[in-house]
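In: need coordinates for the below:
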Amino acid sequence: MNILYKLYSFCIALPLFVVVTIVIALAVIIASLFGDHDTVSYYGPKWWSRITCWLFLIPVHVEGREHIDPKQSYVFLANHQGYFDIFLVYGYLGHNFKWMMKEYLKKIPFVGYACLRSRQIYVGDSLASIQRTVVQAQQTLRGGMSMVIFPEGTRTYTGEMAPFKKGAFTLANEIGLPIVPMTINGSFRIFSRRAKSVTHGPLHLTIHPAITAEQRQGKPTRILMQEVHDIIEKDLILS
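Out: This is a model prediction of the structure:
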C-alpha cells in the first residue's frame, strides 16, 4: 500500500500539484495588478491548499472554529511541524489572513512573487526590518484581516515543539490584537523537513480560545510565551 501511494504521489499528485501551484500563483499576481490584494490572494491559496490535500489523499479535521469571529482580526500562533502546515492553515482555518514570512521566501519561483504582490508580511533580522513589519501589520490587520505566525521560527526536526521567539508576541502587543493559539498535528509525519516524499496520514488543526489584549495586559512577555507554548503543546500528539 505504501509503495502504491509513493508511486501515485510522484507520478500523479506531484505533477498536478506543480501545475495548480503555477496557475494559482499567476492568478494572484494578475489580480494584484488590478488592485486586488486580499480576495484572490486568500481564496486562491485556500483552494490551492485544499486541492493539494485532495491530490495527496490527506484527510483533514478541524476543531475550535467557534472560537473565532470572522469580523475580528487576530494574531494566530501555531506550532510548525512540516510542509503541510501551510496547506492545513491556508485551506482549513476559514479566516482571511496574511502570513508573517521570512524575507528569503520571496525567492521561491512564482510563489514568492505572488506572496509579495498579495502583501504578505515579511520580516528580517534587523531592527529596522522589525519596525517596518510592525507598521505594515498595523496598516493591514483590521476589519477581520488577521495574521498567522509560527513562533518557533522554523520547522521542528523531531516533532516536538521548540522554544518560542518573542517577536510574534511583541508584535501582537504592539498592534493590540487577540492571540489565538493553534495546535497542528500530523504534518510532521506526512512531510517533515528531513523527509524526501509525502507519507499518507491525517492532518488535524485545533483552534484554541483567544487571549485578548486585556487578558495579557501587564503580563511579562516570557510568561505569556510560556502560557501560549503550553496551550499549544497540551494537544500535541507525538508519534
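
In: what pLDDT, on average, does stretch 105-117 get?
Out: Mean per-residue pLDDT for stretch 105-117: 78.

In: and the longest helix seen in the chain, which residues are buried?
Out: Using DSSP state H, we find that the single longest helix of the chain is helix 14-33. Residues of helix 14-33 classed as buried under the neighbour-count rule (16 or more other CB atoms under 10 Å) are 17, 20-21, 24-25, 27-29, 31-32. For the C-beta atoms, the positions are set from N, CA and C on the backbone; glycine is no exception.

In: put the alpha carbons of that helix into CSV.
Out: Once non-C-alpha atoms are left out, helix 14-33 reads as follows in CSV (Å, rounded to 0.1, in the frame of the first residue of the first chain):
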residue,chain,number,x,y,z
LEU,A,14,3.1,15.9,-7.6
PRO,A,15,2.9,16.9,-11.3
LEU,A,16,-0.7,18.1,-10.8
PHE,A,17,0.4,20.0,-7.7
VAL,A,18,3.1,21.8,-9.7
VAL,A,19,0.6,22.8,-12.4
VAL,A,20,-2.0,24.0,-9.8
THR,A,21,0.7,26.0,-7.9
ILE,A,22,1.7,27.9,-11.0
VAL,A,23,-1.9,28.6,-12.1
ILE,A,24,-2.9,29.9,-8.6
ALA,A,25,0.3,32.0,-8.3
LEU,A,26,-0.3,33.6,-11.7
ALA,A,27,-3.9,34.3,-10.7
VAL,A,28,-2.9,36.0,-7.5
ILE,A,29,-0.2,38.1,-9.4
ILE,A,30,-2.7,39.1,-12.1
ALA,A,31,-5.4,40.0,-9.6
SER,A,32,-2.9,42.2,-7.7
LEU,A,33,-2.2,44.1,-10.9
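
In: quick one: list the elements packing against that helix.
Out: helix 39-55, helix 111-117 (3 or more CB pairs under 8 Å, 6 or more residues apart in numbering; DSSP states H and E).

In: of the ones you listed, which approaches residue 177 most closely?
Out: helix 39-55 (17.8 Å; CB to CB).

In: any regions of the protein where pLDDT drops low?
Out: Counting by pLDDT under 70, the chain contains low-confidence ranges at 1, 124-130, 239.

In: what ranges do the helices span in it?
Out: Taking DSSP H as the criterion, the chain carries its helices at 2-8, 14-33, 39-55, 84-92, 111-117, 127-140, 167-175, 187-191, 221-234.

In: for those helices, give me CSV that also has distance to residue 203.
Out: As requested, those are exported to CSV (distance: least, CB to CB, whole Å):
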stretch, distance to residue 203
helix 2-8, 16
helix 14-33, 16
helix 39-55, 7
helix 84-92, 5
helix 111-117, 20
helix 127-140, 27
helix 167-175, 22
helix 187-191, 6
helix 221-234, 16
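
In: nearest to residue 149, of those helices?
Out: Closest to residue 149 of these is helix 167-175 (CB to CB; 4.3 Å).

In: the closest one packs against which elements?
Out: In terms of contacts (3+ CB pairs under 8 Å, 6+ apart), helix 167-175 is packed against strand 75-78, helix 127-140, helix 221-234.

In: ranking these by burial, who's on top?
Out: The highest average neighbour count among those, using mean count of other CB atoms under 10 Å, belongs to strand 75-78 at a mean of 26.

In: and that one, what does it pack onto?
Out: Applying 3+ CB pairs under 8 Å, 6+ apart, we find strand 75-78 packed against helix 84-92, strand 146-149, helix 167-175, strand 179-185, helix 221-234.

In: can I get these in a markdown table with distance to residue 51?
Out: As requested, the helices and strands packed on strand 75-78 are exported to a markdown table (distance: least, CB to CB, whole Å):
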| stretch | distance to residue 51 |
| --- | --- |
| helix 84-92 | 8 |
| strand 146-149 | 20 |
| helix 167-175 | 29 |
| strand 179-185 | 19 |
| helix 221-234 | 27 |
